[in-house]
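**Q** Got a predicted model here, sequence first, then my questions.
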Amino acid sequence: KVSGEVGSGKTMLCRMLLERLPANVETVYLANPMLTRDEIPLALAAELALPLPLERGQLLLGALHDRLLEIYAGGRQVVVLVDEAQAMPPEALEEIRLLSNLESKQHKLLQIVLFGQPELDQRLSATDLRQLNERITHRFRLAALSRDDVGVYLDFRLRAAGYHGPAPFTPAAVRLISQASEGLTRRINILADKALLAAYSEGKHEIGRREAMAAIQDAEFRPLGGRRTSRLIWVGGATVATIIGLGALIAAQSELRHLLPASTDTGSATRVPSAAAGNLEASASPRPTMSLAERIAATDEWLQKTPDSHSFIQLLLTDADNEREVDSFIGRQAGVLDARQIRVYRATMGGRNRLGVIYGDYPTRSAANAVLAALSENLPSGKPYVRSVGKLRQPLREDSRK
């Protein structure tokens, strides 16, 4: 269990684990905490490319157990990462506990990591969830940064982004940002960005008290009050992974500016570097304005040409009859994402016809994760995550065989 206050870096840590776990680990990322008890095994089966039996219930669990044994026999293991676990219904958390029972004669077949806000600690202490709570073998708390940590963190992010000049943030600015952010990295990022913009608008190189105060007033953060996470000793690997993940976020920002829409001036074009997005010009890219049917057709063409090893960002997954919702969703991304890289596919998952909206084409999972991290503040809600083309293609192949 990994718990921490809103904005302390839980989702970033989760994404970096997806990227940095060794090749013999198969990961399943459950980004939607509102999955029902019955939908959780279906989601696992879909991610593990398991053909679903006609009957569900115990037959599905049996098929899932056999698939996990097959993976284990091949020298691999499965890790399930559950984000926003504090919002899961009680029956869904109970299903997580039951899934932890899947094992061989000697080993557990599933390793499960719960990421959640401090409310998760409170929920797990409840009597009805004591069996799940007692099965947790490792517990980590992501603590807020101290004022000294904030200064080091700001300097680290600047250097990772390629800045080589003198420290632009004065001690007074660092102190104000530390106080207003309460040590939460997301708030630090927002305040520092606003302060840099304030200094730029005035032609200044140094960010002092005035720029920091302008950023704080513009952000209008509310104090955490009694919910503030006390500063604890950070535990081993979680600390290292968090810091590395934040470095990757900033290192990706220089690539991100090429992925965002270019200037709206006539004749401008979106620049997409091959290092971040692969050879996108050669692939079938949807036009900025097109019907849903045209976009699906363009996606089918793209899938025929794209290697299984490529990755993309999953933005939305909904029922197939929600075409209006999908059209509206794509329309809301205008000015945020490059419309040419928004794709839509149809698939049958968990026995249901679905529509999926995805973004980008990246030669490696790490490149996709870097872009996702850099885009995280601007992406729509719903916890976008990275998937491989191979995993998307699997249910589509099964549909074609049917």
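**A** The structure has been received and is ready for your questions.
**Q** Surely V389 and Q314 touch.
**A** No. Taking C-beta atoms under 8 Å as the definition, V389 is not a contact partner of Q314, at 11.4 Å. C-beta here means a position set from N, CA and C on the backbone, and glycine is covered the same way.
**Q** For the chain, give me the ranges with low pLDDT.
**A** 52-58, 225-288, 334-335, 350-351, 376-382, 395-402 (pLDDT under 70).
**Q** Setting the sequence-adjacent residues aside, check what's closest to D218.
**A** The shortest distance from D218 to any non-neighbouring residue, by C-beta to C-beta, 6 or more residues apart in numbering, is to K194 (5.5 Å).
**Q** now the strands for the protein?
**A** Under the criterion DSSP state E, strands of the chain are mapped to 2-4, 25-30, 77-82, 110-116, 140-142, 311-319, 342-349, 352-362, 385-388.
**Q** okay, those in a markdown table with distance to A180 and mean neighbour count next?
**A** Converted to a markdown table, the strands of the chain look like this (distance: least, C-beta to C-beta, whole Å; neighbours: other C-beta atoms under 10 Å):
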| stretch | distance to A180 | mean neighbour count |
| --- | --- | --- |
| strand 2-4 | 19 | 24 |
| strand 25-30 | 32 | 19 |
| strand 77-82 | 31 | 21 |
| strand 110-116 | 25 | 21 |
| strand 140-142 | 19 | 22 |
| strand 311-319 | 31 | 20 |
| strand 342-349 | 35 | 20 |
| strand 352-362 | 33 | 21 |
| strand 385-388 | 30 | 20 |
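**Q** export those strands to CSV and tack on distance to V336?
**A** Below are the strands of the chain laid out as CSV (distance: least, C-beta to C-beta, whole Å):
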stretch, distance to V336
strand 2-4, 27
strand 25-30, 22
strand 77-82, 26
strand 110-116, 25
strand 140-142, 28
strand 311-319, 11
strand 342-349, 10
strand 352-362, 10
strand 385-388, 17
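**Q** Go through those and name the closest to G62.
**A** Proximity of the strands of the chain to G62 was assessed by C-beta to C-beta; the nearest stretch is strand 110-116, lying at 14.8 Å.
**Q** Verify the stated contact: E211 with S201.
**A** No. In this structure, E211 is not within contact of S201 by C-beta under 8 Å, at 9.4 Å.
**Q** ok, the two, which is more surrounded?
**A** Per other C-beta atoms under 10 Å, whichever of E211 and S201 has more neighbours is E211, with 26 against 10.
**Q** So that one versus K105, what's the distance?
**A** Using C-beta to C-beta, to the nearest Å, one gets 63 Å for the distance from E211 to K105.
**Q** I'd like to know how many residues surround L21.
**A** Neighbours of L21 (other C-beta under 10 Å): 14.
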